[in-house]
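**Q** Attaching a predicted model along with its sequence, questions to come.
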Amino acid sequence: MKINIIIAYFLMSTGAIFAVITVLGLLRFPDVYTRIHAGAVVLTISAVLVTLGTAIYVWEFFLSMKVLLIGAFFLFSNPMATHAIARASYSREIALPNEYKIDEYFSYLGRD
Amino acid sequence: MKKKLTHIAVITILAVSGAAVFFNLKVMSLYKDIPRGISRYFISFGLQDTGSLNLVTAILYDYRAFDSLGESTVIFGAVSGIVLILSRKMLPVSSHGLSFIVKRTLGIMTPFIALFSIYVITHGHLSPGGGFQGGVILAAISIIFSIVYGSAFDYKRYSPQMKTTMETTGALMFISIGVLGIFFEGFFLDNLNFLGGKAGTLISAGSIPIINIGIGLKVGAGLAIIFYSMIQKTFREEL
């Protein structure tokens, strides 16, 4: 077994473990914001690790570059989407954390 | 009495012309494979007839190009009806859009989305995709502009007049290709085979890429106009 295939399998299985962690977080966390934080893991870390592993697995220049571009697109788009969802659900008062003592985001919102 | 005669005459004419069409189809030597199944004919001779690797595109824009013209006319009718019902006199609706992070990130990503839509439109005869699909991606750029940056930005960059011009240009390209088909090949919307190169390259398949570009412009601008007419003033200002 060649060394790059071992590395590729290692990266892919790490990504799969992060996906399992995402599901656990979605099931166990109490409210909307922590669940959004858990859901952001699956595309940011898990998909990037899996695309990195795939790029090492195929090991041809153009194919690897295509797969890496897809990974870079995930790395750009998903945190932005998570941020937009969380911000919209805060400012539209869909989910306000009433039981929290400290609300730093409320004092931040004026300065954007 | 006279009415009955007319009925008999109409029925005879219909039966005779139907029989003529049927037997003509069997007699014509060019289409002698058709009774064995039309799909087999398309699979065997599609590449040779049109020069397009993507057989779905070959059927949509060569064999059934008249049908595609009808479909794009349906889109034109839908756009006209929606603009007529939901007319806001084409004024910009002001909204501030989403936050700074989303604006910067989409500022980086939007040129790549535009590049992908152009790729899908121009490679319609080589790979999956084509005018309709690429046009929808083009419309998504306008939707991103009016959601993320506020619709005043969308109005400034791609005004409704410009979208109308794009849609009309697409329709005119399609119809002028059809009229050129009458002059050069003998049928309306026939494939202009003298434009074609080697099958499998970018400039090949006769008039199919030009029709793809026209349909892409038309669908993209049409869907953008529909979305722009449908967003209301009920956007909250700061989100």
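**A** Alright, I've got the coordinates. Numbers count the residues shown, from 1 in each chain, chains lettered A, B, ... in the order given.
**Q** who's in contact with B:Ser204?
**A** Residues in contact with B:Ser204, defined by C-beta atoms under 8 Å, 6 or more residues apart in numbering or on different chains, are B:Gly51, B:Ser52, B:His125, B:Gly196, B:Gly197, B:Lys198. C-beta coordinates here come from the backbone N, C-alpha and C atoms, glycine included.
**Q** cool, A:Gly53 as well?
**A** A:Ile7, A:Ala8, A:Tyr9, A:Phe10, A:Leu11, A:Met12, A:Gly15.
**Q** Tabulate the residues you listed (CSV), appending pLDDT.
**A** Compiled in CSV, the contacts of A:Gly53 are given as follows (pLDDT from 0 to 100):
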residue, pLDDT
A:Ile7, 90
A:Ala8, 90
A:Tyr9, 91
A:Phe10, 92
A:Leu11, 91
A:Met12, 91
A:Gly15, 90
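**Q** Tell me which of those residues fall in helices.
**A** Those of these mapping onto helices are A:Ile7, A:Ala8, A:Tyr9, A:Phe10, A:Leu11, A:Met12, A:Gly15, per DSSP state H.
**Q** between those residues, which is closest to chain B?
**A** A:Gly15 (22.7 Å; C-beta to the nearest C-beta).
**Q** and the lengthiest helix in chain A, average pLDDT?
**A** Secondary structure assigned by DSSP H gives helix A:61-91 as the longest helix of chain A. On average, the pLDDT along helix A:61-91 is 86.
**Q** try stretch B:117-129
**A** Mean predicted lDDT for stretch B:117-129 stands at 86.
**Q** Now name the helix or strand holding residue 39.
**A** Here I'm looking at chain A. Here A:Gly39, judged by DSSP states H and E, is contained in helix A:32-41.
**Q** To clarify, I was referring to chain B.
**A** helix B:38-50.
**Q** Would you mark the buried spots in that helix?
**A** B:Tyr41, B:Phe42, B:Gly46, B:Leu47, B:Asp49, B:Thr50 (16 or more other C-beta atoms under 10 Å in any protein chain shown).
**Q** Can you list the neighbours in contact with it?
**A** Contacts for helix B:38-50 (C-beta under 8 Å, 6+ apart): B:31, B:33-34, B:52-53, B:55, B:58-59, B:62-63, B:191, B:199, B:205-206, B:208.
**Q** Without its sequence neighbours, what residue ends up closest to the residue of chain B found nearest chain A?
**A** Residue of chain B nearest chain A, by C-beta to the nearest C-beta: B:Thr105 (4.2 Å). Counting by C-beta to C-beta, 6 or more residues apart in numbering or on different chains, B:Thr105 lies nearest to A:Met80, which is 4.2 Å off, once chain neighbours are set aside.
**Q** Before I go, just wanted to say thanks for your time.
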